[in-house]
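Chemist: here's a sequence, model it:
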Amino acid sequence: MSTAEVLKQQINLKSVRNIGIMAHIDAGKTTVAERMLYYTGRTHRMGSVDEGDATMDWMDQERERGITIVSAATTTCWREHRINLIDTPGHVDFTVEVERSLRVLDGAIALFCAVGGVEPQSEVVWRQAEKYDVPTIAFINKMDRAGADFERVVQEIRDRLQATPVPVVLPLYRDDVFVGVIDLIEEKAVFYDDQTLGARYHEEDIPDRMAQEATRWRHVLIEHAGEADEEVFERFCMDEPVTAAELRRALRAGTLSGAIVPVLCGSALKNKGIQRLMDAVVDYLPSPADLPPVVGFVGEGETAERRHTHEDSLAALAFKVVTDRHMGKLTYVRVYSGKLEAGSYVYNATQQKKERVSRLLLMHADSTENREALWCGEIGVAVGLSDTSTGDTLCCETNPILLENIEFPAPVLSIRVSPRSSTEKEKLAKALRHLADEDPTFTVRHNVETEETIISGMGELHLEVLLERLRREYGLAPEVGRPAVAYRETMTRPATIDYKHVKQTGGRGQYAHVELMLEPLEPGQGFEFYDEVRGGAVPRDFIPAVERGVVKAMAEGIYADAPVVDVGVHLVDGSAHEVDSSEVAFHTCAREAFRRGFMKGRPRLLEPVCTLHVTTPEQHSGPVVGSICARRGRITGTETRSGVQVIKAVVPLAETFGYATELRGITAGRASFDLRFDHYEAVPQSLAEEIVRRRREGEEDPDGI
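Modeler: Residues are numbered from 1 along each chain as shown. Predicted structure coming up:
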């Protein structure tokens, strides 16, 4: 049955696979996706990342840069199973795309380079998959490259990811050329036909030179499969033969429980090993019918379940929003139960609003296919949901439910933008709002005091891409200021402040009195407010105003005009006037009291610190280490792999501007690096004082600080 015929059928939950491809940058995710689409008949030619015509990299910037920037969704079929596929970015700046994709996927393919192995972003996306309990299979790509080492990568998956990798195929070489794989389940050697771009392949007996190794690995496979299936375990203990069907059943059980990770290998660029990978998607990854009911909230602390069936009430999650110049706002949704129909009204439980779905679409990268309904288990696009944002729940108004939202990391890098003319001011503001609606890690704020618009993102590349989108999609080229680091400030010792706000203007005055006890909290705790007033010293109606005043002061910043974090505030006492007290008075009083108390608590400036992994030829390792140390970096470890050295360090974000250019210069362009935000830590006091002075005086910092 053709792909088109299968897609027109009523959806059968057991034959659906919602999967994503995740990996470190340049591991070959998009190339693998292109081969999957070609072999399933979804496309009739293979797109190429290098040639800039990959189907899944449809944005102009993706094709020019040769990287995936936004996750692309498509639907295809294999062995009469419907596969909803999302190709995610590998660059750390676009980790939001991986986060929201994994939130709605049922299974994932973790891609690893046969030379690079488990790289820094590989670990990040793996932990993201673990966070959402997404069963995973591994595919070791680029087995055709010099330095490819299948067993080393398998060992790295075991050691670095604390997983249990179980190879189900082995690489097959002839005269040091990668020609196919050995299927350990079927006990066959698989050779791919280069004349048909790998679409055709044939099986032979395993070559004698590989027979002993294949037997050893199959023994390991059966041993691990037996841990998930009692029947296979008994056969293993009795030294009885295990059939291919029994092995697949056991591997599926182990994969769904997260106990094992089936490992395959191949070369997407050389068109080898992809069909076995798609077989593994069907055989081992879950369908919606395999999943437990989705749990959501229906009241104050009360939970409810929705079963993965077409008959249950509608429960869907909006996981991505895109603005299209022709169709307007496109909302990507995953339907967990029931069905979403075109032309129907749905209830947005997050916003508590009713909205109408004007159209429903099935996506194939940037092309669309109209649908009358999206059924349980499907991923598609709804048009017309003007008030829906990323993470919102769509459901029935008569049987509402609120699904768990999606958490996103906070942006760490900011720049100033301003329109080139007054006529562009409103247009720029509107364009920035659209981009912020699409990307939760991109924020826009307006500084009233300086009349500046500040945009913040996950890194230099992230902001660079967004500015390029402003130019191409909206015809805007705003003036851009020097990058500014998203500093935070906190206090290091407790402080108590007793403050009265008294203002008399002739008529009704303002009176408020609060006594606050401020204390530092553990890093990452944020803000805690404790109402410890006794005897009604501060009337109950005014206590929320006190908290709002404190929050206002924290957002404005005190020591260095940076947001305050990790502080606990205890309202211990105060007083009120029966005529002159009001919410405004207590808000103002609490704001000023916090500002004064905070300065008594020995404030400290915090800066974002990133983990830096530099991969460089060994002869350049000395200059690279020197460069890192000159940027206030600390070396945390080194590792030698296949003739190159991986230098691991932590570096303040403020010191990383322009690092790519410097690294290219000192290594003749032969080194690469991966940079990602890790945590906040205190700025050295001497440097902090200089930063505070500059921020207060509004000076430009030549070092980007």
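Chemist: which residue comes closest to residue 114 once chain neighbours are left out?
Modeler: Leaving out its chain neighbours, the residue that sits closest to residue 114 by C-beta to C-beta, 6 or more residues apart in numbering is residue 148, at 3.6 Å. C-beta coordinates here come from the backbone N, C-alpha and C atoms, glycine included.
Chemist: distance of that neighbour from residue 184?
Modeler: Separation of residue 148 from residue 184 (C-beta to C-beta, to the nearest Å) stands at 19 Å.
Chemist: how about whichever strand or helix holds residue 607: buried residues?
Modeler: Using DSSP states H and E, residue 607 sits within strand 603-617. Residues of strand 603-617 classed as buried under the neighbour-count rule (16 or more other C-beta atoms under 10 Å) are 603-616.
Chemist: ok, so of those residues, who is nearest residue 522?
Modeler: If you rank the buried residues of strand 603-617 by distance to residue 522 using C-beta to C-beta, residue 606 comes first, at 13.2 Å.
Chemist: check contacts around the closest one.
Modeler: Residue 606 sits next to 487, 488, 489, 490, 565, 680, 681, 682, 683 when contact means C-beta atoms under 8 Å, 6 or more residues apart in numbering.
Chemist: same question, residue 120
Modeler: By C-beta under 8 Å, 6+ apart, the contact list for residue 120 reads 24, 92, 611, 613, 674, 676.
Chemist: do that again at 6 Å, thanks
Modeler: Contact analysis of residue 120 by C-beta atoms under 6 Å, 6 or more residues apart in numbering lists 613, 674.
Chemist: do the same with residue 519
Modeler: For residue 519, the contact set (C-beta under 6 Å, 6+ apart) comprises 494, 568.
Chemist: could you do residue 675 as well?
Modeler: So residue 675 contacts 610, 612 (C-beta under 6 Å, 6+ apart).
Chemist: pLDDT on the helix or strand it falls within, on average?
Modeler: Element membership for residue 675, per DSSP H and E: strand 672-682. The pLDDT scores in strand 672-682 average 82.
Chemist: quick check: buried residues in that strand?
Modeler: Under 16+ other C-beta under 10 Å, the buried positions of strand 672-682 are 672, 673, 674, 675, 676, 677, 680.
Chemist: do the same with stretch 389-407
Modeler: Buried residues in stretch 389-407, counted by 16+ other C-beta under 10 Å: 389-396, 400-403, 406.
Chemist: between the two ends of it, what distance do you get?
Modeler: 13 Å (C-alpha to C-alpha, to the nearest Å).
Chemist: who touches it?
Modeler: 100, 103, 296-298, 304, 313-318, 321, 346-350, 440.
Chemist: same thing with stretch 481-500?
Modeler: Counting by C-beta under 6 Å, 6+ apart, 412-416, 513, 515-520, 559-560, 562-567, 593, 596-598, 600-607, 653-654, 657, 680, 700, 704 sit against stretch 481-500.
Chemist: what's the mean pLDDT across it?
Modeler: Stretch 481-500 carries an average pLDDT of 88.
Chemist: hey, C-alpha coordinates of that stretch in CSV?
Modeler: In CSV, the C-alpha atoms belonging to stretch 481-500 read as follows (Å, rounded to 0.1, in the frame of the first residue of the first chain):
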residue,chain,number,x,y,z
GLY,A,481,23.7,47.7,20.2
ARG,A,482,26.5,45.8,21.8
PRO,A,483,25.5,42.5,23.4
ALA,A,484,24.7,42.7,27.1
VAL,A,485,24.9,39.8,29.5
ALA,A,486,21.8,38.9,31.5
TYR,A,487,23.3,39.5,35.0
ARG,A,488,21.5,38.7,38.2
GLU,A,489,22.1,39.9,41.7
THR,A,490,21.5,38.4,45.1
MET,A,491,22.4,38.9,48.8
THR,A,492,24.8,37.0,50.9
ARG,A,493,23.7,37.6,54.5
PRO,A,494,20.3,38.2,56.2
ALA,A,495,19.1,41.8,56.9
THR,A,496,16.2,43.4,58.7
ILE,A,497,14.5,46.6,57.7
ASP,A,498,11.9,48.7,59.4
TYR,A,499,10.5,51.3,57.1
LYS,A,500,7.6,53.7,57.1
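Chemist: tell me the buried residues in it?
Modeler: So for stretch 481-500, counting by 16+ other C-beta under 10 Å, buried means 483, 484, 485, 486, 487, 488, 489, 490, 491, 495, 497, 499.
Chemist: of all those, which two lie farthest apart?
Modeler: Using C-beta to C-beta, these span at most 37.2 Å, a distance reached by 483 and 499.
Chemist: could you pull out the helices for the stretch 351-500 of the chain?
Modeler: For the stretch 351-500 of the chain, applying DSSP state H, counting those that start in this stretch gives helices covering 425-438, 460-474.
Chemist: now the shortest one: buried residues?
Modeler: Looking back up the chat, that one is helix 425-438. So, applying 16+ other C-beta under 10 Å, buried residues of helix 425-438: 428, 431, 432, 434, 435, 436, 437, 438.
Chemist: thinking the third one is in contact with residue 444, fair?
Modeler: Yes: the pair residue 432 and residue 444 qualifies as a contact (C-beta atoms under 6 Å) at a distance of 4.6 Å.
Chemist: so what sits against both of these two?
Modeler: Taking C-beta under 6 Å, 6+ apart as the contact definition, residue 432 and residue 444 share no neighbouring residue.
Chemist: give me the number of residues near the closest residue to residue 229 other than its chain neighbours?
Modeler: In this structure, residue 229 finds its nearest non-sequential neighbour in residue 250, 3.5 Å apart by C-beta to C-beta, 6+ apart. As a burial measure, residue 250 scores 25 neighbours (other C-beta atoms under 10 Å).
Chemist: now name the helix or strand holding residue 250.
Modeler: In the assignment (DSSP H and E), residue 250 maps to helix 244-257.
Chemist: in that helix, which residues are buried?
Modeler: Buried-residue list, helix 244-257, by 16+ other C-beta under 10 Å: 246, 247, 248, 249, 250, 251, 252, 253, 254, 255, 256.
Chemist: export it as CSV, just CAs?
Modeler: Coordinates of each C-alpha in helix 244-257 appear next as CSV, following Å, rounded to 0.1, in the frame of the first residue of the first chain:
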residue,chain,number,x,y,z
ALA,A,244,13.8,-13.4,15.5
ALA,A,245,10.1,-12.8,16.5
GLU,A,246,10.8,-13.6,20.1
LEU,A,247,13.9,-11.3,20.2
ARG,A,248,11.9,-8.4,18.7
ARG,A,249,9.1,-8.9,21.2
ALA,A,250,11.7,-8.8,24.1
LEU,A,251,13.6,-5.8,22.7
ARG,A,252,10.3,-3.9,22.3
ALA,A,253,9.4,-4.6,26.0
GLY,A,254,12.9,-3.5,27.1
THR,A,255,12.8,-0.3,25.0
LEU,A,256,9.4,0.7,26.2
SER,A,257,10.4,0.3,29.8
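Chemist: for residue 114, what are its contacts?
Modeler: 140, 142, 143, 148.
Chemist: hang on, the second one packs against residue 111?
Modeler: Yep, that's residue 142 we're talking about. No: between residue 142 and residue 111 there is no contact under C-beta under 6 Å: 9.5 Å.
Chemist: now the buried residues of helix 244-257 in CSV, with pLDDT?
Modeler: Formatted as CSV, these follow (pLDDT from 0 to 100):
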residue, pLDDT
246, 94
247, 95
248, 96
249, 95
250, 96
251, 96
252, 96
253, 96
254, 96
255, 97
256, 96
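Chemist: of all these, which comes closest to residue 336?
Modeler: Comparing the buried residues of helix 244-257 against residue 336 with C-beta to C-beta places residue 256 closest, at 17.7 Å.
Chemist: pretty sure the closest one contacts residue 137?
Modeler: No: contact status for residue 256 versus residue 137: not in contact, 11.2 Å apart, counting by C-beta under 6 Å.
Chemist: what's near enough to touch residue 276?
Modeler: By C-beta under 6 Å, 6+ apart, the contact set of residue 276 is 169, 264.
Chemist: would you verify that it is located in a strand?
Modeler: No: counting by DSSP: H, G, I helix; E, B strand; the rest coil, residue 276 falls outside a strand, being helix.
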